[in-house]
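A.B. asks: the following comprises the amino acid sequence and a computationally predicted model.
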Amino acid sequence: MESYLISKDASGLLFYTINRPEKRNAVNDEIMDGLEKAISLAEAEDVKALVITGAGDRAFCSGGDLSVFHRLKTKEEAYPMLSKMAKIIGKLLLMPKPTVALMNGVAIGGGCEIATACDFRLGRKGMKAGFVQGNLAITTGWGGGSILCEKFPASTALKMLTDGSMLSADELLNMGYLDHVYEGDPYRNCTEFLGKLLEKEVGVLSAYVAILRRKWSEASLIERIEQEAVQCAILWGKEIHHQKVEEFLNKS
Ligand SMILES: CC[C@H](C(=O)O)C(=O)SCCNC(=O)CCNC(=O)[C@H](O)C(C)(C)COP(=O)(O)OP(=O)(O)OC[C@H]1O[C@@H](n2cnc3c(N)ncnc32)[C@H](O)[C@@H]1OP(=O)(O)O
């Protein structure tokens with residue numbers, strides 16, 4: 001089974017689907033590479049927006065694949081992985097087309113970081129999301145913390161990050177993290193939410209998103225994302241982090 005799927009519909013939407021439902025769509029190197037490929041493909045003239053989603057109805061993305069990444073013990077071993085995904089999420093953040101996180105299920109840790117980098121976030125009724133990294137004695141490491149602090153009020157962002165709790169779809173909607181909560185077919189709900197955006201010329205969409213991208217570039221957001229990866233790698237190398245990951249893997 002392909003670990004990710006890339007498809008394009010007639011209305012100009014490019015879909016990137018994380019296809020590892022048996023691992024709650026956890027991110028490994030292949031998923032990172034697939035996301036980078038989808039971001040590149042979305043630059044095509046006929047693409048109006050990039051939609052990121054997950055296979056199945058249990059999880060959007062459960063973050064980094066702990067069964068793989070827990071082998072990374074030191075900050076020197078963790079940094080290349082963190083920096084690789086931080087760079088890809090930086091490309092997602094600044095890509096010249098609108099982006100949508102179609103959150104078909106739970107989003108955890110790095111899964112929230114991917115969603116936060118998108119322009120719009122749609123959540124399936126009943127889904128939950130949480131920046132749980134603090135519970136694993138690390139911080140976000142793929143840029144999600146820096147982007148959250150850029151896009152949301154400081155207290156909202158800091159509470160989400162330091163709390164490390166799973167928040168319900170209604171809570172996420174009320175705080176403005178989700179733009180819409182949907183029931184039923186994800187594709188239909190996504191196209192209905194985008195609505196008249198899909199009638200606009202690509203040049204208009206690109207010009208509008210450029211206003212946001214320019215703001216974030218001038219705020220040195222890419223540099224801040226890189227610093228976040230460096231900081232996460234330092235915490236990653238500490239013993240307490242490895243103990244917390246072992247606890248999760250032993251639970252499983
Ligand atoms: C790389 C760091 C990155 C960052 O911060 O930058 C991070 O993302 S750190 C955070 C990492 N993610 C997590 O801690 C989430 C761990 N997973 C869970 O809490 C649950 O699995 C959940 C809530 C996603 C789904 O719970 P549910 O009860 O529906 O399923 P199971 O827990 O039974 O899991 C099914 C199956 O999937 C495997 N699984 C789930 N998440 C991950 C993961 N992140 N990495 C690796 N494997 C994962 C789980 O082990 C089960 O596998 P099985 O072989 O069936 O035992």
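C.D. replies: Yes, it's here. Remember, predicted model here, so these are calculated numbers, not experimental data. Numbering: from 1, shown residues only.

A.B. asks: what's the closest residue in space to residue 130 that isn't next to it in sequence in contact with, if anything?
C.D. replies: In space, residue 130 comes closest to residue 166 once its chain neighbours are excluded; the distance is 3.9 Å by Cβ to Cβ, 6 or more residues apart in numbering. C-betas here are computed from N, CA, C, even on glycine. Residue 166 sits next to 106, 108, 128, 129, 130, 132 when contact means Cβ atoms under 8 Å, 6 or more residues apart in numbering.

A.B. asks: pretty sure the fourth one sits in a strand.
C.D. replies: Okay, so that is residue 129. Yes - judged by DSSP: H, G, I helix; E, B strand; the rest coil, residue 129 forms part of a strand.

A.B. asks: and the closest residue in space to it that isn't next to it in sequence, bridged to which residues?
C.D. replies: Leaving out its chain neighbours, the residue that sits closest to residue 129 by Cβ to Cβ, 6+ apart is residue 107, at 4.0 Å. When bridges are called by DSSP bridges, residue 107 pairs up with residue 61, residue 129.

A.B. asks: any idea how far residue 107 is from residue 166?
C.D. replies: Distance of residue 107 to residue 166, computed by Cβ to Cβ, to the nearest Å: 9 Å.

A.B. asks: confidence score at the closest residue in space to residue 2 that isn't next to it in sequence?
C.D. replies: Residue nearest to residue 2 in three dimensions, not counting chain neighbours: residue 19, with 5.7 Å by Cβ to Cβ, 6+ apart. In this prediction, residue 19 carries a pLDDT score of 98.

A.B. asks: ditto for the one 10 residues further on
C.D. replies: Confidence at residue 29, expressed as pLDDT, is 98.

A.B. asks: quick one: the strands in the stretch 51-200 of the chain?
C.D. replies: 59-61, 99-103, 106-108, 120-124, 128-130, 167-168, 180-182 (DSSP state E, counting those that start in this stretch).

A.B. asks: doesn't residue 103 make contact with residue 124?
C.D. replies: Yes - contact criterion Cβ atoms under 8 Å: residue 124 and residue 103 qualify, at 6.5 Å.

A.B. asks: so for the two, which sits in the more crowded spot?
C.D. replies: Shown here are residue 124 and residue 103; by other Cβ atoms under 10 Å, residue 103 has more neighbours (31 against 20).
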